[in-house]
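Visitor: Okay, structure incoming, though there's no sequence with it:
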């Protein structure tokens, strides 16, 4: 049996020294169906689309848009604060995910302890 793959949804990523911002358009979304998980340094975003109401007497010739649950996987860098990632869904159904970055200092000087 052929495995059904979730379609790829385009997204944008913006970066500053403090954070990454992921912007993902979610058209025709069932708002209560969004789930965001972090697993193995990956952001896994899942949702279902709303199937529009159509006439009852129509027979589908091709159905791809609303058939499956969507899963979008985005790799994250390891130097982020995973517990501080947050998101919001705008009124235009744009999902914004803010990923705070941990700031790495240019150098760290370590103190050496000497045995007596």
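Guide: Now that the structure is in, tell me what you want to look at. Because the structure is a prediction, the values reported are computed rather than measured.
Visitor: For the residue nearest the centre of the chain, give its distance to residue 11.
Guide: In the chain, the residue lying closest to the centroid (CA atoms, centre = their mean) is residue 45, at 4.4 Å. From residue 45 over to residue 11 the distance is 9 Å, taken as CB to CB, to the nearest Å. C-beta: built from backbone N, CA, C; applies to glycine.
Visitor: Please enumerate the shared neighbours of the two.
Guide: By the contact definition CB atoms under 8 Å, 6 or more residues apart in numbering, residue 45 and residue 11 are jointly contacted by 24, 72, 74.
Visitor: The last one belongs to a helix?
Guide: No - counting by DSSP: H, G, I helix; E, B strand; the rest coil, residue 74 is located in no helix; its state is strand.
Visitor: who's in contact with the nearest residue to it once chain neighbours are set aside?
Guide: The shortest distance from residue 74 to any non-neighbouring residue, by CB to CB, 6 or more residues apart in numbering, is to residue 43 (4.4 Å). Residue 43 makes contact with 22, 36-37, 73-76, 85, 97, 99, according to CB under 8 Å, 6+ apart.
Visitor: Could you do residue 48 as well?
Guide: With contact taken as CB under 8 Å, 6+ apart, residue 48 is in contact with 29-30, 33, 69-70.
Visitor: from the residues you listed, which two are the most distant?
Guide: For the contacts of residue 48, the farthest-apart pair by CB to CB is 29 and 69; their separation is 11.4 Å.
Visitor: Can you work out which residues contact both of these two?
Guide: Here residue 29 and residue 69 share the contacting residues 47-48, scored by CB under 8 Å, 6+ apart.
Visitor: For the two, indicate the residue with more neighbours.
Guide: Taking other CB atoms under 10 Å, residue 29 and residue 69 do not tie; residue 29 has more neighbours (17 against 12).
Visitor: Look up how far residue 99 lies from that one.
Guide: To residue 99, residue 29 is 21 Å away according to CB to CB.
Visitor: roughly how far is stretch 73-86 from the heart of the chain?
Guide: Taking CA atoms, centre = their mean, to the nearest Å, one finds the center of stretch 73-86 at 10 Å from the center of the full chain.
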